[in-house]
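Asker: here's a sequence, model it:
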Amino acid sequence: MTNLQSPDLSIIIVNWNVRELLRACLQSIERGRGALDVEVIVVDSASSDDSVAMLQTDFPWVRLIACEENVGFPKGNNLGLAAANGRYLYLLNPDTEIVGDALSVMVGYMVQHPDVGVVGAQLLYADGRIQSSRRRFPTVMTGLFESTWLQPLAPRKLLRDYYAEDLPDDQTADVDWVMGASMLARREVVEQVGGMDEAYFMYSEELDWCRRIKDAGWRVVYLPQAQVIHHEGKSSEQAVTARHVNFNRAKLRYFRKYHGRSAATLIRIVLLKNYALQLLLEGGKGVLGHKRPLRWQRVRAYWQVLRTGLPPR
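Answerer: Predicted structure coming up:
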């Protein structure tokens with residue numbers, strides 16, 4: 001399936017304990033590769049669900065990098081990028097499925113637009129609904145509201161701008177960044193700006209990477225003519241507390257890196273106060289007997305988050 005000398009496309013997948021989703025992802029690549037010369041590299045982060053054995057038995061054409069520990073999304077992708085030989089480099093989540101000729105559509109667009117550094121496909125939920133997958137860079141105000149319990153109180157325009165809701169879902173558009181579940185990059189881009197920042201473990205790494213790519217003068221484009229089904233969050237939902245911690249520490253790292261220490265400190269204080277308030281609310285509901293197992297589970301998770309203090313990564 002691959003020509004290790006000069007394939008058209010290298011697809012890099014970082015896997016952690018989603019064996020059956022990974023299987024479906026690889027099968028969709030087989031169906032959708034068309035005339036492209038494709039190599040697939042799977043970086044397995046010490047999965048315990050026999051993902052490695054499944055790959056070795058059912059997909060011998062896949063290049064496997066088996067890690068002895070969970071290395072995280074940025075480092076895993078960097079390992080794949082370092083091993084890749086393709087002219088174009090496609091970072092793809094294991095909980096995705098290629099729809100139709102999406103691979104050829106994205107590569108063709110890159111060939112025709114040499115100033116484009118990254119292309120993001122349109123992501124779909126399993127039922128066919130469109131999943132929001134393109135963004136503008138967040139402001140400090142965005143950081144205070146977005147993905148927190150304060151989000152319902154945010155000024156509508158703030159979130160509309162961040163989620164690029166003014167851009168039609170069915171039209172190609174220049175954006176600031178695209179979701180890391182599906183990111184096709186030009187090899188020259190990686191050679192110029194380097195790989196992902198490994199100080200992130202999970203979350204915000206694609207935001208950081210696209211910012212560096214745009215700062216280097218490349219365009220980032222949302223391309224809805226290419227579609228990818230995304231079974232969202234199937235790896236991270238296996239570790240709820242770690243998801244809270246990793247998401248918010250990554251968020252704080254981004255704001256410290258690009259907006260300064262004061263901005264990151266302000267957001268950190270607001271986040272910790274949010275968790276403290278939610279802990280009290282969930283505890284109160286638990287005492288009153290409302291869905292006690294769920295309430296105590298949340299109390300434990302929020303307490304563990306608070307104990308970390310959410311230092312930026």
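Asker: use CA for all of it now, contacts and neighbours both
Answerer: Fine.
Asker: just the CA atoms of stretch 83-101, as PDB, please.
Answerer: The C-alpha atoms that make up stretch 83-101 are tabulated as PDB, following Å, rounded to 0.1, in the frame of the first residue of the first chain:
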ATOM      1  CA  ALA A  83       9.000   9.000  10.600                       C
ATOM      2  CA  ALA A  84       6.800  10.200   7.700                       C
ATOM      3  CA  ASN A  85       8.000  10.300   4.100                       C
ATOM      4  CA  GLY A  86       5.100  11.800   2.400                       C
ATOM      5  CA  ARG A  87       4.900  15.100   0.500                       C
ATOM      6  CA  TYR A  88       1.800  15.900   2.600                       C
ATOM      7  CA  LEU A  89       1.400  15.000   6.200                       C
ATOM      8  CA  TYR A  90      -2.100  14.300   7.600                       C
ATOM      9  CA  LEU A  91      -2.800  14.200  11.300                       C
ATOM     10  CA  LEU A  92      -5.900  12.100  11.900                       C
ATOM     11  CA  ASN A  93      -7.600  11.000  15.100                       C
ATOM     12  CA  PRO A  94      -8.200   7.300  15.600                       C
ATOM     13  CA  ASP A  95     -11.900   8.000  16.300                       C
ATOM     14  CA  THR A  96     -12.600   9.200  12.700                       C
ATOM     15  CA  GLU A  97     -13.700   7.800   9.400                       C
ATOM     16  CA  ILE A  98     -12.800   9.200   6.000                       C
ATOM     17  CA  VAL A  99     -15.900  10.000   3.900                       C
ATOM     18  CA  GLY A 100     -15.600   9.200   0.200                       C
ATOM     19  CA  ASP A 101     -12.700  10.900  -1.700                       C
END
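Asker: give me the buried positions along that stretch.
Answerer: Within stretch 83-101, the residues scored as buried using 16 or more other Cα atoms under 10 Å are 84-101.
Asker: stretch 293-300 now?
Answerer: Across stretch 293-300, burial judged by 16+ other Cα under 10 Å covers 295-299.
Asker: chain center to stretch 161-172, what's the gap?
Answerer: 19 Å (Cα atoms, centre = their mean, to the nearest Å).
Asker: cool, and stretch 57-64?
Answerer: Using Cα atoms, centre = their mean, the mean C-alpha position of stretch 57-64 is found 24 Å from that of the whole chain.
Asker: again, but for stretch 14-30
Answerer: On the basis of Cα atoms, centre = their mean, stretch 14-30 sits 16 Å off its chain's mean C-alpha point.
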